[in-house]
Each structure stands twice: as C-alpha cells, then as structure tokens.
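A.B. asks: sequence first, then the predicted structure, then my questions.
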Protein chains: 2
Amino acid sequence: MGASGEEQRGRRDAGAGERHKPSLHMDRASSSTVTRLSSYYRLLGELQAERVETVSSGRLAERGGITSAQVRKDLSFFGNFGRRGLGYNVAQLRRKIAEILGLTRRWRVALLGAGNLGLALFAYKPFQKQGFCIEAVFDSDPRKVGEKWDGVTIRAIGELPQVAATQHFDIAILAVPESSAQDVADVAVAAGVRGILNFAPVTLTIPDHVALREVDLSIAMESLSYSLVK
Amino acid sequence: MGASGEEQRGRRDAGAGERHKPSLHMDRASSSTVTRLSSYYRLLGELQAERVETVSSGRLAERGGITSAQVRKDLSFFGNFGRRGLGYNVAQLRRKIAEILGLTRRWRVALLGAGNLGLALFAYKPFQKQGFCIEAVFDSDPRKVGEKWDGVTIRAIGELPQVAATQHFDIAILAVPESSAQDVADVAVAAGVRGILNFAPVTLTIPDHVALREVDLSIAMESLSYSLVK
DNA sequence: AGATGTGAAAGTTTTCACAGCC
DNA sequence: GGCTGTGAAAACTTTCACATCT
C-alpha cells in the first residue's frame, strides 16, 4: 500500500438474534478488489475513448499490470459480466462498475479546509466528472471566510451544522491541519455525513456508522523513500 | 486500500547464476508493513511531544487501531528494538524507524506540474519536515514558466534534462493532467530520477529500476462511495 | 509481574488450471 | 481456438499463544 486508508475487515459481529448459518454469501468485496475495480473503470474509459468494443481479462490485466485471473475473480465477485470465448463488452462493463462503485448517483460533498490542498481538491476535475459535487466549502480562518471559489462562498466551520440541516451532505473531505482534524471530523459527524475522506495525517476516531478513507501523502512519500534507501 | 500504489511483490526472478539457497532471509518488508511503520513513526512523534519515554506494543497498537502482535511482528522484521518487560524507548524507536524509512537523509525532489495540486504539494508542511526538499518546479504552461514560488522559479518541462544534469533529483512528483503524465514520466526517467510519486490517474509504464508509488484521489473517493452505496 | 520476540495456526488474497461455453 | 468463471492450491498476512528476558 501506499497512501491508503484500509477498511477494517472481518469484524464479524455475531449479532444478538443471529441464526447460526455459515453464510457463504460473503457480502462485501475486499478493499483491494474495490481499488482494482476503480482501475478497471478508468481503463475501460480509456478503451471506450479508443473505440474498443470488447476486451478480454488478459488485455485488461496487461494494461493494469496484474494477472488475468485476478481480473476475472474480481469481476465475478459481482456477477457474470463476460461472455466465454469473447470477453467483456467495454461499455456494458463500464456501466456495471459505475453502478457498483456508486458513480451513477450524485454525491453531495462538503469540503472542510480551504487551504492549498482544499483548493486543489475543489478544482480536481476527475471528482466533478464522477458525481462528486463539492457544494460547500468551510474554513476556520476568518480571513478566508466570505471569499468565493467559482461561485461557492467559503463559510466558517462553525456554520456547518446549520448549513447541513437544510442541505444534506453525504461526504466530508477533510483538508485541514493535523491539529484541528479530530475536532473538525467531530463536527462533520455531528452534521450527519456518512463518509469522510481524510487528508490530515492523524488517526481519526469516528463512530462505526461513518465510513472513513485516509489519503496520507507523507505515508506515500515515505514508502517511496523506503524503497530507495540502498 | 484506498488510494495507493502497491508494490509488485514476489517477483522472484530465479536469476541465471543463482545458487539454489532457500534464503530464509526474506529481504524486503511487505508494503503493508512499511505503511504501518509510517504510522508508528507519526504516533511516536506525538508520544514524544507528550513527553512519553516508553511505550508498549499494546499502547502503540491501540493508538493505531491494530493489534499488539502486529506491531511487534512489524518491528521485529527490522530488529530487536524493545526490551522485554519494559517496552520500546520512544525516542530511540522513532530514530530507528526514521533510518529504515530513509528520513534521516535529504531527498532532492523535482515537482512536475505547477497547477493547484502542484502548489498544494509544494506547500505541504509534512514533506518539508521529513527531508523531502522540492528544489525545482516545472510546468508545460508557458504562462506559468517564470513565475516564482517561495523563491523557486518555475521552469519549462523541456528544461528538466539540462537542470537534472547539474542538479541531481532523487524523486519526481508528478502532478500533471492524465493526458501528459506518461510523457512527463518518460522525461523524468530519462533525467535520472530513482523514484516517482504519481498523482495522475493513469497507469504509468516505467522501467523496473525506477520505483513508483501512486496516489489516486479518484480511487480513494470511489472506494468511499462504494462503501456508502446502500 | 510485565512485555517482547516468534514459531505455529488461522485467515485472507492471489494464482493455477481446467471445465464449460462461445 | 479463444476466453470466462471457478474450485483448489499456493502464497501471503495476521493473530494466537507462549517461551524468554527484565
């Protein structure tokens, strides 16, 4: 891994009234599978732009730098999308993956932190193309508050609860310094977001019902430097 | 998971003249171990700031959200840093990890791409604190070239080879759009960088002797949206 | 007593290899 | 012949549990 927030897996909570069925129906894909699914999605977009209609697991694997068996296993977890002897239909598979990843709906995103990183994320084209709409920006710096980015007025972090009451946010992007990350995360949770994408290099404590993904730039860089040390 | 470029592991090339020794001396840590090592490094920094002198694997594990056995296994891969009955010396262990991760030396970094993301990375404090010095910035946009960031003049990408000839770069950070990422990566490789931290959402093809880590913001976001879909 | 370091066990992910369909 | 879908095997990672040291 690299810079990455991993999912907690195998937290099998043998709930109170659970009938003891062995349940082979494993119900969520592993986080590596989901990560690769995203790559496939991107590759399929490239293929579509190249007017390729059909692709084999071998060809997808080659472009993604993995094995064809891996591609087939990943996809078969979600359904039988291919046709034996032929491969996968590019447009069809891409649509399927978009559904699985939740890219067919619009996600309402609040950006918390209007520094350099916040601006970069606000302007990040791929987010816009994929249904992630940054609808509000918050910052704690009074000098930033009131400023406008592309028509969106920067508000004080303290206003998040009130704004969230009328305009619901699914996701909060946390792009604040370490020192305030936990506090701001708490506000976001209280405001009812269901997921947090955290860029602050701290381990956040948040309730179980809120999904958390970490992007840690230092960890990515350190992993690189590790691989370069003699 | 998450946004992360994984290492290719287990590429055991049974080289031509290799004597067939089973070699229990596995020689590189897994990428998960390295990622966690970075977290330990960060946690130890916090503990040091709190004037804590000694820490047990259990306490480290708790703060990092994992098990104590994991912490011990990870650390024992690199040496016997603890003392039975006592735990680990915070300052000592932190120094050790810094050495392992290559944070005791200075890395000369070239930033390729001076857009919003480039600026965010240029200004990113944790990089500066950890020996990653962005010594030069390049962009292909003629309007950007000549601009100065904190005393560093933005140069044209085409100048990278000449600049690299006199001033060696260890690492290139790629913060350019997809469309030019592969070309710019090729230039960086030709200029002799040993590692690339890629932020462009494309699968780069680079020679084996150059290390590559990917930070893909879309993948991180998509993994979050996957976990939020009903 | 308290906590590390580590083989062995358990669990998870990846790869192999092939039956089955196009 | 080509390629998917998938059980079974292999590889890898994490956890357990305990001998060992302070």
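C.D. replies: Received it, and whenever you're ready, just let me know what you need.
A.B. asks: can we go C-alpha only for contacts and neighbour counts from here?
C.D. replies: OK.
A.B. asks: next one: A:Ile154 from B:Pro207, what distance?
C.D. replies: Distance of A:Ile154 to B:Pro207, computed by Cα to Cα, to the nearest Å: 44 Å.
A.B. asks: same thing with A:Arg72?
C.D. replies: Distance, A:Arg72 to B:Pro207, using Cα to Cα: 27 Å.
A.B. asks: what's the answer for A:Ser225, then?
C.D. replies: To B:Pro207, A:Ser225 is 17 Å away according to Cα to Cα.
A.B. asks: higher neighbour count, those two?
C.D. replies: Legend: neighbour count by other Cα atoms under 10 Å in any protein chain shown for A:Ser225 and B:Pro207, higher for A:Ser225 (24 against 10).
A.B. asks: for the more buried one, list the residues it contacts.
C.D. replies: Counting by Cα atoms under 8 Å, 6 or more residues apart in numbering or on different chains, A:Ser225 makes contact with B:Leu101, B:Gly102, B:Leu103.
A.B. asks: could I get these as TSV with pLDDT?
C.D. replies: Output for the contacts of A:Ser225, formatted as TSV (pLDDT from 0 to 100):
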residue	pLDDT
B:Leu101	98
B:Gly102	97
B:Leu103	97
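A.B. asks: shaky segments in chain A?
C.D. replies: Chain A contains residues with pLDDT under 70 at A:1-26.
A.B. asks: state the number of residues packed around the closest residue in space to A:Ser39 that isn't next to it in sequence.
C.D. replies: In space, A:Ser39 comes closest to A:Gly64 once its chain neighbours are excluded; the distance is 7.1 Å by Cα to Cα, 6 or more residues apart in numbering or on different chains. Residues within reach of A:Gly64, counting by other Cα under 10 Å, total 20.
A.B. asks: surely A:Gly64 meets B:Thr203?
C.D. replies: Yes: at 6.6 Å, A:Gly64 counts as touching B:Thr203 under the criterion of Cα atoms under 8 Å.
A.B. asks: from A:Lys230, how far out is A:Leu197?
C.D. replies: 34 Å.
A.B. asks: of those two, which one has the most company?
C.D. replies: For the pair A:Leu197 and A:Lys230, the greater number of neighbours falls to A:Leu197 (23 against 6), based on other Cα under 10 Å.
A.B. asks: name the helix or strand for that one, please.
C.D. replies: Applying DSSP states H and E as the criterion places A:Leu197 in strand A:195-198.
A.B. asks: that strand packs against which elements?
C.D. replies: strand A:171-174, strand A:211-214, helix B:217-228 (3 or more Cα pairs under 8 Å, 6 or more residues apart in numbering or on different chains; DSSP states H and E).
A.B. asks: how about a cut-off of 6 Å?
C.D. replies: Contacts defined by 3 or more Cα pairs under 6 Å, 6 or more residues apart in numbering or on different chains; DSSP states H and E place strand A:195-198 against strand A:171-174, strand A:211-214.
A.B. asks: mind listing what it pairs with, with the direction of each?
C.D. replies: strand A:171-174 (parallel), strand A:211-214 (parallel) (DSSP bridges).
A.B. asks: buried set for stretch A:64-75?
C.D. replies: A:Gly64, A:Ser68, A:Val71, A:Arg72, A:Asp74, A:Leu75 (16 or more other Cα atoms under 10 Å in any protein chain shown).
A.B. asks: same question, stretch A:79-94
C.D. replies: Going by 16+ other Cα under 10 Å, stretch A:79-94 has these buried residues: A:Gly82, A:Tyr88, A:Asn89, A:Val90, A:Ala91, A:Leu93, A:Arg94.
A.B. asks: so that stretch, near chain B or not?
C.D. replies: No: figure legend: stretch A:79-94 not in contact with chain B (Cα under 6 Å from any Cα of the partner chain); closest approach 13.9 Å.
A.B. asks: end to end on that stretch, go ahead and measure it.
C.D. replies: End-to-end distance of stretch A:79-94 (Cα to Cα): 13 Å.
A.B. asks: name the surrounding residues that touch that stretch.
C.D. replies: Contact with stretch A:79-94 is made by A:Tyr41, A:Leu44, A:Glu53, A:Thr54, A:Val55, A:Ser56, as judged by Cα atoms under 6 Å, 6 or more residues apart in numbering or on different chains.
A.B. asks: how far away is the fourth one from DNA strand C?
C.D. replies: Distance, A:Thr54 to DNA strand C, using Cα to the nearest atom of the strand, to the nearest Å: 12 Å.
A.B. asks: what number of residues lie near that residue?
C.D. replies: Residues contacting A:Thr54 under the criterion other Cα under 10 Å number 18.
A.B. asks: what bridges to it?
C.D. replies: A:Asn89.
A.B. asks: check contacts around it.
C.D. replies: Counting by Cα under 6 Å, 6+ apart, A:Thr54 touches A:Tyr88, A:Asn89, A:Val90.
A.B. asks: hmm, try it at 7 Å
C.D. replies: Each residue near A:Thr54 by Cα atoms under 7 Å, 6 or more residues apart in numbering or on different chains is listed here: A:Gly87, A:Tyr88, A:Asn89, A:Val90.
A.B. asks: could you identify the most distant pair in those residues?
C.D. replies: Largest separation among these by Cα to Cα: A:Gly87 and A:Val90, giving 9.1 Å.
A.B. asks: and the closest residue to A:Phe169 other than its chain neighbours, how many neighbours does it have?
C.D. replies: Setting aside the residues directly before and after it, A:Phe169 is nearest to A:Arg108 in space (Cα to Cα, 6+ apart), at 5.0 Å. Residues within reach of A:Arg108, counting by other Cα under 10 Å, total 18.
A.B. asks: what of A:Gly131?
C.D. replies: A:Gly131, neighbours per other Cα under 10 Å, totals 16.
A.B. asks: swap in A:Glu50?
C.D. replies: Close neighbours of A:Glu50, defined as other Cα under 10 Å, add up to 9.
A.B. asks: run the chain-centre distance for the biggest helix by length in chain A.
C.D. replies: Criterion DSSP state H: the longest helix present in chain A is helix A:31-49. Mean-position distance between helix A:31-49 and its chain equals 13 Å (Cα atoms, centre = their mean, to the nearest Å).
A.B. asks: could you dump that helix to PDB, C-alpha only?
C.D. replies: The C-alpha coordinates for helix A:31-49 follow below in PDB (Å, rounded to 0.1, in the frame of the first residue of the first chain):
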ATOM      1  CA  SER A  31     -10.700  -3.300  -0.300                       C
ATOM      2  CA  SER A  32      -8.100  -4.500  -2.800                       C
ATOM      3  CA  THR A  33     -10.900  -5.700  -5.100                       C
ATOM      4  CA  VAL A  34     -12.600  -2.400  -4.800                       C
ATOM      5  CA  THR A  35      -9.400  -0.500  -5.500                       C
ATOM      6  CA  ARG A  36      -8.800  -2.600  -8.600                       C
ATOM      7  CA  LEU A  37     -12.400  -2.100  -9.700                       C
ATOM      8  CA  SER A  38     -11.700   1.600  -9.800                       C
ATOM      9  CA  SER A  39      -8.700   0.900 -12.000                       C
ATOM     10  CA  TYR A  40     -10.700  -1.200 -14.300                       C
ATOM     11  CA  TYR A  41     -13.200   1.600 -14.500                       C
ATOM     12  CA  ARG A  42     -10.500   4.000 -15.600                       C
ATOM     13  CA  LEU A  43      -9.000   1.600 -18.100                       C
ATOM     14  CA  LEU A  44     -12.400   0.900 -19.600                       C
ATOM     15  CA  GLY A  45     -12.900   4.600 -20.000                       C
ATOM     16  CA  GLU A  46      -9.600   4.800 -22.000                       C
ATOM     17  CA  LEU A  47     -10.700   1.800 -24.100                       C
ATOM     18  CA  GLN A  48     -14.000   3.400 -24.800                       C
ATOM     19  CA  ALA A  49     -12.300   6.500 -26.000                       C
END
